Structure formats: C-alpha cells, structure tokens
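Undergrad: Build me a structure from this.
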Amino acid sequence: MEGIKRAPMLSFILKFIIFLLIYSAISTLTDEAVYVKRIAQFFLYVLFAFILHREKGVEFHYKFHFHILDFIIAFLLLFSSIIFYEGTIEKLIDTYFNYEISLPESEGVMDEMFRYPIPLFLQICVTAPVFEELLMRGYLLKTVSVKYSVGVGILLNSLFFSFLHFDFVNTLFYFMIGILLSYIYLKTGSLLHCILLHFSINFTALLSYYLEFEMPGQNISISMLLLMGVIIVITMFYFIRKPQQKIAVLSVK
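TA: Numbers count the residues shown, from 1 in each chain. Take a look at the predicted model:
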C-alpha cells in the first residue's frame, strides 16, 4: 500500500502525455501503412501498460470473473444512459457545434473501415477495450482511489479516459462512459465486465457506420426518453444495493 502512495501522480501524467503524443504521431500515418499503424498502436499500448505495471514494489491482481445478471444490468444501464444522453445533452451540444466539422478525421476513419476492415476492427473492438480498461479502470482508478479517495479516482480516470479519445465535442460523452464503467467495476469487481461492455459500445458504433443507421437516441421520442430514464433508475438501484467490491487488489512485494 505504501508503494502505491509513493507513486507520484505527476509521473503518470507525464507518461500519459508522452503516450498521447506518440499515439497521435502514429495516427498520422497514411492508409497505405494501415497495418504498420495498427500494429504500432498495439505495441504502444502494451509498452505503456508494461511501464505502468512495473511500478516498483507493487503487484497488481486483476479479477476477470463473469456474473451474467451483473453484466445484463450493467449493459442496460450503459446503453440506456447512452440513448438518454444522445436524446438530451447531445442534441443541445449539436446546436452549438457542427458535428462534421468537429470530427475532421471521421471521413478518414470511414474510408479505412471499408478498405481495411480487419485491422480497424481489431483496433477498435479488441485492442482499445482490453488495454483502455486495464489502464483506466485497472491501473488509474485503483492507484488514485488508494492514494486519495474513490470519488477522486472515478473523476480522474474518467477525465483521462475522455482525453484518450481525442474528441473535443464528445468529451462529455466519454467522461460519462468513464464514470459508468468505473462505477460498474467498483460494484462488480471484474474487469471482464468492463472490457465486454467497452467492446459492445465500440462494436455497436462501428456497425452503425457500416450499416449507415443512426443510433436510437438521435431521433428519440419523449416516451422512449422516459423509458430510458426508468431503466437507468432501476439499474442504478440494483447497483446501489450491491456492496462495493474491494479495490485493494494490490499488494506490496
């Protein structure tokens, strides 16, 4: 425990900034080098995770158990929250921002999806869910929660999670997802739930691009909005009644 408390937050911030800069540089590679780009991004994730988890004197223990009811409730909470967000806050944001202008790289991503679907799928639906959950929920949430408090841990890891996506307009959306995944992790104690939920979000988004359909929240009715609100309340009540799992899955060597 003392090993965690000695780990300076500034050190993580510096490493995180370096990671983002290198990741951004790799992302500028042309589509002709798409396989090189995706492989380089994968190994960058691996290297970053390795460096963080080699913190002197500290050993991390992760749990990957699966509880079907917890997962279903978490799935309903997450997706009802997404639909509710899109039907309320996102519509408000869209009145101030031009979505197409705010995402200049979207056309490049669309082009890559149809020309190189396999490497993009692996990056978005495999590499990102696994390593982002290991880094954000597995590492950052734990270290900050132990050093400061659970509330600060949720806040900071959700903030860094939103920065990780390089998307100014949707920063609030990713921040919300970070909070929900953190809360689900604290209540279920399993990173597997978070990885599968993260995969579900990314896969759904990718599928919507391929099939060219809009998410339900973008044209949601008042009655559907109310239904999503009811689902959020019920699923939150389920998790509120669950005891928080111990986040001290750390031990000093």
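Undergrad: Give me the distance between the residue nearest to residue 74 when sequence neighbours are not counted and residue 198.
TA: Leaving out its chain neighbours, the residue that sits closest to residue 74 by CB to CB, 6 or more residues apart in numbering is residue 184, at 4.7 Å. C-betas here are computed from N, CA, C, even on glycine. Using CB to CB, to the nearest Å, residue 184 is found at 10 Å from residue 198.
Undergrad: now swap in residue 164 and tell me
TA: Residue 164 is 12 Å from residue 198, by CB to CB.
Undergrad: Quick check: neighbours shared by these two?
TA: Shared contacts of residue 164 and residue 198, defined by CB atoms under 8 Å, 6 or more residues apart in numbering, are found at residue 132.
Undergrad: neighbour-wise, which of those two wins?
TA: Counted by other CB atoms under 10 Å, residue 164 and residue 198 do not tie: residue 198 has more neighbours, with 21 against 18.
Undergrad: which residue sits closest to the more buried one, ignoring its sequence neighbours?
TA: Closest residue to residue 198 apart from its sequence neighbours, by CB to CB, 6+ apart: residue 129 at 3.8 Å.
Undergrad: thought that neighbour was touching residue 202?
TA: Yes - in this structure, residue 129 is within contact of residue 202 by CB atoms under 8 Å, at 6.3 Å.
Undergrad: SS state for residue 167?
TA: When classified by DSSP: H, G, I helix; E, B strand; the rest coil, residue 167 comes out as coil.
Undergrad: Tell me the first helix or strand C-terminal of the helix or strand where residue 80 lies.
TA: Following DSSP states H and E, one finds residue 80 within helix 68-87. Where DSSP H and E defines the elements, the next helix or strand beyond helix 68-87 is helix 89-94.
Undergrad: helices and strands around that following helix, which ones?
TA: Judged by 3 or more CB pairs under 8 Å, 6 or more residues apart in numbering; DSSP states H and E, helix 89-94 is in contact with helix 171-188.
Undergrad: I'd like the distance from residue 72 to residue 78, if you could.
TA: Here the criterion is CB to CB. By it, residue 72 lies 11 Å from residue 78.
Undergrad: and those two? which has more neighbours close in?
TA: residue 78 (22 against 11).
Undergrad: I figured residue 175 hits residue 162, correct?
TA: Yes - counting by CB under 8 Å, residue 175 does reach residue 162; the two are 4.5 Å apart.
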